[in-house]
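Undergrad: Fold the following, please.
(2 chains)
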Amino acid sequence: MKKITALALALAMSLSLVACGGGDNKTPGGSNAGGSGSNAGGSNANAGGVDLSGLSVTCVVPYDAGGGTDAVMRGLADAAKGSFKNITVENRSGAGGATGMLYGAQAKNDGSIVTMITVELATLEAMGNNAGLTYTQFKPIMMVNSAAAAITVKADDDRFDTLEDFIEYSKTNKVQVGNSGIGAIWHLAAAGLAKTAGTEFNHVGYDGANGAITDLLGGHIDAVAVSYAEVNSFVQSGDLKVLAVMANDRLEAIPDVPTCKECGYEAVLGTWRGLGVPASTPDEVVDELYRIFSEAAESDAFKEFMANTNNVIDIMDGESFNTMIGEQLELYTGLVEELDLKIG
Amino acid sequence: MSLFVEIFTTSLTPMVFLYMAIGVLSGICIGALPGLTATMGVALLLPMTFGMDAAQGILMLLGIYCGAIYGGSISAVLLHTPGTPASAATAIDGYALSQKGEAGRALGTATLSSYIGGLVSVACLWLISPLLAKLALKFSSAEFFLLAVFGLCIIGNISGEDVEKGLICGCIGVLVACVGIDSVTSYIRFSPEGNYNFMGGINYIPIMIGLFAMSQAFENIESIFEEEEVQAKLTNILPKKEDLKKIIRIAPLTGLIGTFIGIIPGAGADIGSFVGYNVARSIAKEPELFGKGSVEAISGPEGGNNGVTGGAMIPMLTLGVPGDAVTAIMIGALTIQGLTPGPMLFSTNKVLVYTIFLGMFIANTLMCLFGFAGIRLFTKVLSVPKVILTPAIFVLCIIGSYAMKNSLFDVWVMLIAGVVGYFLAKVKVPTSPAILGLILGPMAEKNFRTALLKSGGDPSVFVGSVIAWFFIFLIFISLFGGKIKALLFQKKN
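TA: Residues are numbered from 1 along each chain as shown, chains lettered A, B, ... in the order given. Sure, this is the predicted structure:
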């Protein structure tokens, strides 16, 4: 009996070791891969006063796995993996991004929890459903990427060949426009376009862009207003078509698709994504994080990754990013008031 | 034929087999540990695939996926601790059977049923995936709502003898799921001001660990010093003829149903296993044994949850739409490799697609082999005296609930659920309906509201499609099927 007990115990121990080993395995692999990078940066880091190479960093994505924000964060985390003890990505979706960002804003201020802050940081507050979330709770590290809204419909939808068709149709009929969540940027972008064009859409919110795109593919809604990166594969396969993008200039990936401006509707709206840490984080930690992540963002691996996933790299340092977020909050507060969308 | 030659010479190298074996083994371990789910396992090992080529990476992830969905049943059977939510239904009868000293028989049934379920889903994936893919797009909010309501009807069947108590428990589950920021209007419900723990909603995995494992551990304390010898009989590891007959009657069918559930975006292995349990009960030869250690009741959910694995791959590969949370991460894995899942993948990367099909078959076979080989080992856990086993379960529960989101809040949730579960068991209230309510309540609510939002408040969307009617029919059958049957038989007599 004793023997069996001992055996079982040993077994349980070894099993748990195996399980733990599985988790730990990636650490040595990760630091090996980026070993030279962190060594090279070592002297720099010491000059700055903070060394984060022993830190385990968790990157919080306030949206579901598989979406655009998630993809950018995972790509960046992979490019930066050599500079930390280890780095993991965690999805905390819900409430249009408020859940994850609130978590990140109230997290430890030692740089171990870096949050993907997105345009919703401004739009949620403008809408009044921010659950106490405000951009001053964050100290932005940097902006990483930006994307304009792309008005996308089914490719075989004969009603709409151009944005003008779509707008004219919506003046006499009810069109369902899917977005990634009520009060989220794609909702406001679509609403902003409708306002400029003097029409109205019926906005349908989902938890993330994925659900909206799936519903569009199934023909349950008429259009989605999400980023081009999120619909790219379906445009390539010929299932969906983009009518117009809400950018200043045409997108490189789809040079034939006009901007809303060209069509006569002054709407330049879209998302931006960056990294932030709680506002109380010491400046030297933020500086070191900026150094690590901007290095990662400029690496070839990340550039290739972003090109593969049709995302546009758009880097901005923490200070200008902070100013920009403030301006965006003003812009969206104005838009929400004009459109009478305020909830809370 | 030349395609297969190409697959075996280029992508299915011995190295890939090794990666898959590692994937399946670590999947089984991850699945067996409460709190570590298939989704988490795949997300954890995802960064390891960055350095591999596409086939190696995706096949290792597939191994983890299949292994973890199966692994959860090991701890469900032996310790009444579903390792993943997909095994919550297996815990009911699996543990009952292992209490009778037939843990080997229960595990053997679970292993074989999982294998059959997995095989059925791979067959569907291989042969008719483009056809089935279209089905995924037919589902919209109204259909999701009806699916969730149908799922909630299963409460009646997993409540054992006391349906009323089960319903009460299910309602508690739905109510607990209401906590947090509402996903349609962002209104904050039942949360103290500024507490993001509550705002984010209460996660059902710590609750599941608490209700099943922690409450069981509390109960063990009552008799912790009694030398209770449950001798695990290891004679029936390979199912005997009569068991085999039952398994073959049930597992392929629930595997097929699991495949369909997998195809539906947003419905995963947890729902697949509960529906599998329900189906098994309605076609069982001995439904009276359900809840008391029935082989059929293990075979149903195990076939169902592994059926989901292949099903979830169908919309992912053919449409680029994830079938569940795990495949959403796999889309990410493929994207990082520069590949875009979707219709284009079949024409541009045919070899990879068929490697995935074949790899999934191999992963399931490995899972079955490892499973049967390990049963003798696994059941040794039962010979551990309670004085040692019970504290070990405490530790596992705490680690498991903390590991989900690295949150102490979840540990408290687990502990409270454990205490509540202990007292519920004392008054003979079944606890699995609460899990069902927690998983399906939010799904029903959100889709009900989105459907009405889309229709502009017109309730006719709920009867607007063939699929909707199909689910209404299923709901009707599961609510009144028993009554109608009884009435018909009365008339005959």
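
Undergrad: element containing the residue of the stretch 1-150 of chain B found nearest chain A, please.
TA: In the stretch 1-150 of chain B, the residue found nearest to chain A is B:Leu137; the distance is 3.4 Å by C-beta to the nearest C-beta. Placement of C-beta: from N, CA and C, glycine included. Following DSSP states H and E, one finds B:Leu137 within helix B:103-138.

Undergrad: Tell me the confidence at the closest residue in space to B:Ser159 that isn't next to it in sequence?
TA: Distance criterion C-beta to C-beta, 6 or more residues apart in numbering or on different chains; nearest residue to B:Ser159, sequence neighbours excluded, is B:Gly166 at 2.4 Å. On pLDDT, B:Gly166 comes in at 90.

Undergrad: and B:Gly166, what does it touch?
TA: With contacts defined as C-beta atoms under 8 Å, 6 or more residues apart in numbering or on different chains, B:Gly166 is in contact with B:Ile155, B:Gly156, B:Ile158, B:Ser159, B:Gly160, B:Val429, B:Pro430, B:Pro433.

Undergrad: try it again with 6 Å
TA: By C-beta atoms under 6 Å, 6 or more residues apart in numbering or on different chains, the contact set of B:Gly166 is B:Ile155, B:Ser159, B:Pro430, B:Pro433.

Undergrad: does B:Gly83 sit in a helix, a strand or a coil?
TA: Secondary structure, DSSP: H, G, I helix; E, B strand; the rest coil: B:Gly83 is coil.

Undergrad: wait, doesn't it sit right on B:Gly31?
TA: Yes: with contact defined as C-beta atoms under 6 Å, B:Gly83 counts as touching B:Gly31 (4.8 Å).

Undergrad: Which neighbours do these two have in common?
TA: Common neighbours of B:Gly83 and B:Gly31 (C-beta under 6 Å, 6+ apart) are B:Gly71, B:Gly72.

Undergrad: which one of the two has more residues nearby?
TA: The neighbour count for B:Gly83 versus B:Gly31, taken as other C-beta atoms under 10 Å in any protein chain shown, is higher for B:Gly83 (34 against 30).

Undergrad: Please report the distance of the more buried one from A:Phe302.
TA: Distance of B:Gly83 to A:Phe302, computed by C-beta to C-beta, to the nearest Å: 36 Å.

Undergrad: ok so, going back, please report the distance of the residue nearest to B:Ser159 from B:Gly291.
TA: Applying C-beta to C-beta to B:Gly166 and B:Gly291 gives a distance of 11 Å.

Undergrad: B:Ile188 bridge partners, please.
TA: With DSSP bridges as the criterion, B:Ile188 is bridged to B:Ile181.

Undergrad: Please settle this for me: is A:Gly178 part of a helix?
TA: No: the assignment for A:Gly178 (three-state DSSP) gives strand, which keeps it out of a helix.

Undergrad: Please look at it and A:His220 and confirm they touch.
TA: No: the pair A:Gly178 / A:His220 is not scored as a contact, 8.6 Å apart, by C-beta under 6 Å.

Undergrad: Looking at those two, which one has more neighbours?
TA: Taking neighbours as other C-beta under 10 Å, A:Gly178 and A:His220 compare with A:Gly178 leading, 29 against 23.

Undergrad: Next one, pLDDT for the more buried one please.
TA: The model's pLDDT for A:Gly178 equals 93.

Undergrad: Look up the residues forming beta bridges with it.
TA: What pairs with A:Gly178, by the bridge criterion (DSSP bridges), is A:Val204, A:Val224.
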